[in-house]
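Enquirer: This is the structure alone, sequence omitted:
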C-alpha cells in the first residue's frame, strides 16, 4: 500500500489552504523582486498574505507601503504584522488606525523582537502593550479583526517550559486570536506533539505549520541558533558541501520542503503558512505538488498587467 494516500488524492488541492509571508523591501531592486513574487503567488488564491514588521518596528513605513500596494493592485487579503516593541499603547493604536483606514482587517499580532535582533533580551516598553496577549486584546478593542498569533513547537526561546509557553497562547486565544502560525520547524513529529499539547490545554483554534523553504542553508542555520530552532543532523547532511553549488542546493531545498509538506498532508494537515523570503519559486512548486493551481482569471489579469 502506498504511503502517499492522502497527498495523491485527485481533489487534494480543493481541501488545502495556504498563506504566504513577505518582508518589506529595503531598496527599489528588492521591491521589484518582491512584486514579482506577489504576482507569481497571488493567482494561487491564498487565504491571505502577510507583511512583516521589523525588529523594534523599524520597517513600519515600508510595511504600510507594501500592504497598501497589495490591497490596491491585487485581490489578495493582506494581513499587517504588528508588534509591541519600543512603542507605547498610544503609538501602537495610531498604527492600528492607519492600517484600518487603509482597509486592513487582518493582523498578525506579535510581541516582537528587540531592535537589537532575535535572541536579545526583551523588555516591555513603559506604557506599552506588555506582550502578544495584551496586543490581541488591544486590537479587538478596535474592531472584530481577524488576528493571527505566533506559536512555538519547540517553545519560545525565552519561555522556561512548554506550560508557560502554552499558557501565553491560551491568553491570546481568550483575548480573541483567530489562529496561530508556528515558528518554522524541520521535524514534523515536534509539530504533531505540540498540537496535541495545545489541544489538551483546551486550545482549539487552527495551528498553521510555518514552512520555511531553505533558500540559503547557512543563513537558516545562523537564524536557528538565535531562535532556538533545532536543525536535525539529517537535514544538515543533505546540504553538506552545497555552499557553492546553487543549482543543487535549490533542488535539495525543493525536495526537503516537498517531503515535509507531503508528510504533514498525510498526517491530516490542510493549512500551511509559507515563509517565502520574498521568493516565489519553492513555495509555488510545493503548492503545485499539493494540487493548488493558479486561477486562470487572476493569472490572465497579472499577465495583462505585465504586458501593459
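Expert: Received the coordinates, thanks. Keep in mind that this is a model prediction, so the values were computed, not measured.
Enquirer: what mean pLDDT does stretch 104-112 have?
Expert: What stretch 104-112 shows for mean pLDDT is 93.
Enquirer: now do the same end-to-end measure for it.
Expert: Using C-alpha to C-alpha, to the nearest Å, the end-to-end distance of stretch 104-112 comes to 20 Å.
Enquirer: roughly how far out does stretch 89-109 sit from the chain middle?
Expert: 19 Å (C-alpha atoms, centre = their mean, to the nearest Å).
Enquirer: Contacts for that stretch, please.
Expert: With contact meaning C-beta atoms under 8 Å, 6 or more residues apart in numbering, stretch 89-109 is reached by 48, 50, 60, 64, 67-68, 71, 77-82, 84, 87, 127-129, 132, 135-136, 138-139, 142-143, 145-150, 172, 177, 181. Using the backbone N, CA and C atoms, a C-beta is placed for each residue, glycine as well.
Enquirer: mean confidence for stretch 169-180?
Expert: For stretch 169-180, the per-residue pLDDT averages 98.
Enquirer: which residues make contact with it from outside it?
Expert: 109, 132-134, 136-137, 139-140, 146-151, 198, 201-203, 205-208, 271.
Enquirer: One more: stretch 276-288?
Expert: 18, 20-23, 25, 30, 33-34, 36-37, 40-41, 44, 211-213, 215, 250, 253-254, 257-258, 261, 274.
Enquirer: Whichever of these end up buried, select them in PyMOL.
Expert: Burial among those is assessed by 16 or more other C-beta atoms under 10 Å; the matching PyMOL selection reads:
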select buried, resi 18+20+21+22+23+25+34+37+40+41+44+211+212+213+215+250+253+254+257+258+261+274
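Enquirer: can you give me the helices for the stretch 1-150 of the chain?
Expert: Along the stretch 1-150 of the chain, counting by DSSP state H, counting those that start in this stretch, helices occupy 12-15, 28-41, 60-73, 89-102, 132-142.
Enquirer: do you know which of those lies nearest residue 161?
Expert: helix 132-142 (17.6 Å; C-beta to C-beta).
Enquirer: contact partners of the closest one?
Expert: Residues contacting helix 132-142 (C-beta under 8 Å, 6+ apart): 82-84, 89, 92-93, 96-97, 100, 107, 109-111, 129, 145, 147, 149-150, 168, 171-172, 174-177.
Enquirer: please redo it, this time with the cut-off set to 10 Å
Expert: Residues outside helix 132-142 that contact it (C-beta atoms under 10 Å, 6 or more residues apart in numbering): 82-84, 89, 92-93, 96-97, 99-100, 107-112, 124, 128-129, 145-150, 167-178.
Enquirer: What subset of those is buried?
Expert: 82-84, 89, 92-93, 96, 99-100, 107-112, 128-129, 145-150, 168-173, 175-178.
Enquirer: First-to-last residue distance for stretch 83-97?
Expert: Note: stretch 83-97 ends 14 Å apart using C-alpha to C-alpha.
Enquirer: can you give me how far it is from the chain middle?
Expert: With C-alpha atoms, centre = their mean, you get 21 Å for stretch 83-97.
Enquirer: low pLDDT regions in this structure?
Expert: Judged against pLDDT under 70, the low-scoring parts of the chain cover residues 1-4, 6-7, 10-11, 13, 54-59, 113-121, 296-308.
Enquirer: that older thread, give me the buried subset of the contacts of stretch 169-180.
Expert: 109, 132-134, 136-137, 139, 146-151, 198, 203, 205, 207-208, 271.
Enquirer: circling back to that earlier point, strands - which of the contacts of helix 132-142 land there?
Expert: 82, 83, 107, 108, 109, 110, 146, 147, 148, 149, 150 (DSSP state E).
Enquirer: Turn the residues you listed into a markdown table, including distance to residue 193.
Expert: Output for these, formatted as a markdown table (distance: C-beta to C-beta, whole Å):
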| residue | distance to residue 193 |
| --- | --- |
| 82 | 29 |
| 83 | 28 |
| 107 | 28 |
| 108 | 24 |
| 109 | 25 |
| 110 | 23 |
| 146 | 27 |
| 147 | 25 |
| 148 | 22 |
| 149 | 20 |
| 150 | 18 |
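Enquirer: tell me which of the residues you listed is nearest to residue 230?
Expert: For the ones in strands among the contacts of helix 132-142, the nearest to residue 230 is residue 150 (17.4 Å; C-beta to C-beta).
Enquirer: Residue 205 versus the nearest residue to residue 183 once chain neighbours are set aside, what's the distance?
Expert: Among residues not flanking residue 183 along the chain, residue 152 sits closest, at 5.1 Å (C-beta to C-beta, 6 or more residues apart in numbering). Shown here: residue 152 relative to residue 205, a distance of 15 Å by C-beta to C-beta, to the nearest Å.
Enquirer: next one: residue 103
Expert: 24 Å.
Enquirer: what's the answer for residue 266, then?
Expert: Note on residue 266: its distance to residue 205, by C-beta to C-beta, is 23 Å.
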